[in-house]
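>>> model the structure of this input:
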Amino acid sequence: MTVETKAKFSQYQYLLVAIITLVFLTIVLDYMLTSALSAILLPELNITTKQFGLLASAYPISAGITAILLSGYADKFDRKKILLFFYSGFLLGVLFCTIAPSFQILIVARIITGTFGGVVGSICFAIIADLFETTQRGRAMGFLQMASAGTQILGLPLALYLASELDWHLAFGLILFIGIITVFLIIWKINPVNGHLKNPVKVNPWRHSLKIISNRKYLIVFLNNTLLVAGDVILMTFSSAFCTNNLGVSLENLPLLYGFAGAATFICSPLIGRLTDKFGTLNVFVVGSIITIVTVAVFTNLGINPFWSVIIVHTLIFVGINARSISSSALGTIMPDVEDRGAFMAVDAAMQLAVAGSAAILAGLIVFQSEDGMINNFSTLGFVVISLMLMTIGLMFIITRMVKRKNIRST
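Numbering: from 1, shown residues only. Sure thing, here's the model as predicted:
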């Protein structure tokens with residue numbers, strides 16, 4: 001059954017999506033950068049895979065703690081003001097990353113960045129849910145996912161080029177530069193987002209959080225989203241190191257590898273968003289999952305291969321992940337009630353980030369780097385990721401049924 005899409009975006013909605021997409025670009029670039037720099041940071045900082053797993057987990061674990069603390073208060077403030085506060089703190093952490101002289105100080109900088117940056121995404125999702133109708137959110141999420149693609153087309157390749165040719169600190173400097181411009185756009189162009197304050201939450205903030213966490217329907221969505229993130233993090237934490245050391249991709253070609261994946265997801269994101277609105281989230285999610293499962297199985301068992309073949313497999317993984325992310329995000333925003341929306345997004349972010357941190361540590365424990373630089377046990381990571389993807393397909397069937405029942409009751 002198809003779903004008819006409603007009115008086109010207003011001019012302000014297009015502007016809002018554009019600015020939030022910039023916010024996402026910097027957040028996603030910062031989050032992806034640490035894993036993408038694994039091939040560079042492992043030798044530069046002279047650290048083991050376990051230590052790198054700890055470094056990669058510093059951001060999500062600190063972000064998860066902040067998100068759970070914020071969850072009860074997320075619906076008590078103008079979303080524009082709370083976005084500005086946390087996004088500014090995120091940029092302060094990025095500044096510290098650009099000047100970090102050692103592994104230990106870089107971990108501290110990543111904790112600061114995660115403490116503020118980890119909740120920015122949930123705030124943005126809440127803004128989208130507040131200002132876009134249900135049948136517009138697939139398209140809105142599609143545009144936001146273009147931030148990930150834009151990161152890979154321009155941001156990540158440029159950051160990797162700066163890191164490989166000059167200094168890895170400059171990669172974080174690029175994020176800081178874009179972020180400062182984005183802050184001024186938020187202040188200048190985004191109107192207050194306070195419609196949710198007309199229906200204030202009347203319970204204690206902590207009781208509100210407890211209400212969210214104890215809601216069985218919400219918990220199923222949280223479980224699905226955490227498993228999605230866990231699979232992505234486990235696969236990507238050492239992906240660049242695996243490509244350079246095991247598959248024969250040179251450091252010079254690493255930006256190109258991510259650039260091709262970004263170009264494909266950039267082109268596909270709006271299309272996936274429209275297909276989600278037209279054919280339903282579940283159908284798009286299942287197709288995206290099948291694509292990802294097949295390509296992950298191939299990728300994690302590859303050896304030395306021609307660069308073009310690595311590009312094809314690597315790109316298809318990102319396209320599949322993108323389809324899963326867009327469809328699940330669009331469905332997840334329908335589940336919470338209006339008065340729960342901000343808290344729901346904050347708790348969801350907290351759980352995802354906590355699991356992401358644990359997944360990065362787990363990846364560092366499963367794989368190890370031998371003296372010749374090879375990343376060993378990567379196929380084991382692939383098996384774990386595929387298992388998690390199969391679980392999410394089952395959960396998405398359950399969530400889809402819950403959403404249908406909710407829609408029937410509301411009509």
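>>> low-scoring pLDDT stretches of the stretch 301-411 of the chain, where are they?
Regions of the stretch 301-411 of the chain meeting the criterion pLDDT under 70 cover residues 330-343, 346, 406-411.
>>> now do the same contact list for N376.
Taking C-beta atoms under 8 Å, 6 or more residues apart in numbering, we find N376 in contact with V367, F368, Q369, S370. Placement of C-beta: from N, CA and C, glycine included.
>>> now it: how far from I187?
To I187, N376 is 49 Å away according to C-beta to C-beta, to the nearest Å.
>>> so where's the chain shaky on pLDDT?
Those would be 1-7, 9, 70-77, 133-139, 141-142, 145-153, 194-209, 330-343, 346, 406-411, if you go by pLDDT under 70 across the chain.
>>> quick revisit: now neighbour count, distance to L210 and secondary structure too, for the contacts of N376, in TSV please.
Converted to TSV, the contacts of N376 look like this (neighbours: other C-beta atoms under 10 Å; distance: C-beta to C-beta, whole Å; DSSP: H, G, I helix; E, B strand; the rest coil):
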residue	neighbour count	distance to L210	secondary structure
V367	24	38	coil
F368	13	41	strand
Q369	19	43	strand
S370	9	48	coil
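>>> got the phi and psi for I61?
When read as degrees, to the nearest 10, the backbone of I61 gives phi -70, psi -50.
>>> that one and F344, how far apart?
Applying C-beta to C-beta to I61 and F344 gives a distance of 21 Å.
>>> show me which of these two is the more surrounded one.
F344 (27 against 22; other C-beta atoms under 10 Å).
>>> host element of that one?
helix 341-366 (DSSP states H and E).
>>> for that helix, name the packing helices and strands.
helix 49-70, helix 120-131, helix 205-214, helix 216-236, helix 378-410 (3 or more C-beta pairs under 8 Å, 6 or more residues apart in numbering; DSSP states H and E).
>>> how about it: buried residues?
Within helix 341-366, the residues that qualify as buried are 341-364, 366, counting by 16 or more other C-beta atoms under 10 Å.
>>> for my notes, confirm I20 occurs in a helix.
Yes. Under DSSP: H, G, I helix; E, B strand; the rest coil, I20 falls within a helix.
>>> what about the nearest residue to it once chain neighbours are set aside, neighbour count?
Nearest in space to I20, with sequence neighbours left out and distances taken as C-beta to C-beta, 6 or more residues apart in numbering, is C124 at 4.9 Å. Residues near C124, counting by other C-beta under 10 Å, number 24.
>>> now do the contacts for C124.
Counting by C-beta under 8 Å, 6+ apart, the residues that C124 touches are I20, V23, F24, L83, L144.
>>> what about the third one, how many residues close to it?
Using other C-beta under 10 Å, F24 has 24 other residues around it.
>>> which SSE is it in?
If you go by DSSP H and E, F24 is part of helix 11-36.
>>> next helix or strand past that helix?
helix 38-44.
>>> buried ones in that next one?
S38, A39, I40, L41, L42.
>>> repeat that for stretch 291-299.
Quick answer for stretch 291-299 (16+ other C-beta under 10 Å): I291, T292, I293, T295, V296, F299.
>>> can you give me the angle the helix holding F344 makes with helix 378-410?
Here the directions of helix 341-366 and helix 378-410 differ by 160 degrees (axes from the mean of the first three to the mean of the last three C-alpha atoms, to 10 degrees).
>>> now helix 341-366: how far from the chain's centre is it?
Its chain's C-alpha centre and that of helix 341-366 lie 10 Å apart, by C-alpha atoms, centre = their mean, to the nearest Å.
>>> tilt between it and helix 216-236?
Using the same axes, to 10 degrees: helix 341-366 against helix 216-236 is 40 degrees.
>>> hang on, the earlier thing: in a markdown table: the helices and strands packed on helix 341-366, plus distance to I180.
Shown next, in a markdown table, are these (distance: least, C-beta to C-beta, whole Å):
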| stretch | distance to I180 |
| --- | --- |
| helix 49-70 | 20 |
| helix 120-131 | 15 |
| helix 205-214 | 32 |
| helix 216-236 | 27 |
| helix 378-410 | 36 |
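>>> and of those helices, who's closest to P306?
The minimum distance between P306 and those falls on helix 378-410, with 18.9 Å, by C-beta to C-beta.
>>> would you mark the buried spots in that closest one?
378, 381-382, 384-386, 388-389, 391-393, 395-396, 399-400, 402-403.
>>> elements contacting that helix?
Packing partners of helix 378-410 (3+ C-beta pairs under 8 Å, 6+ apart): helix 216-236, helix 281-299, helix 307-332, helix 341-366.
>>> between that helix and helix 281-299, how many degrees?
Using the same axes, to 10 degrees: helix 378-410 against helix 281-299 is 180 degrees.
>>> mind checking how far helix 378-410 is from the chain centre?
Here helix 378-410 is found 17 Å from its chain centre; the criterion is C-alpha atoms, centre = their mean.
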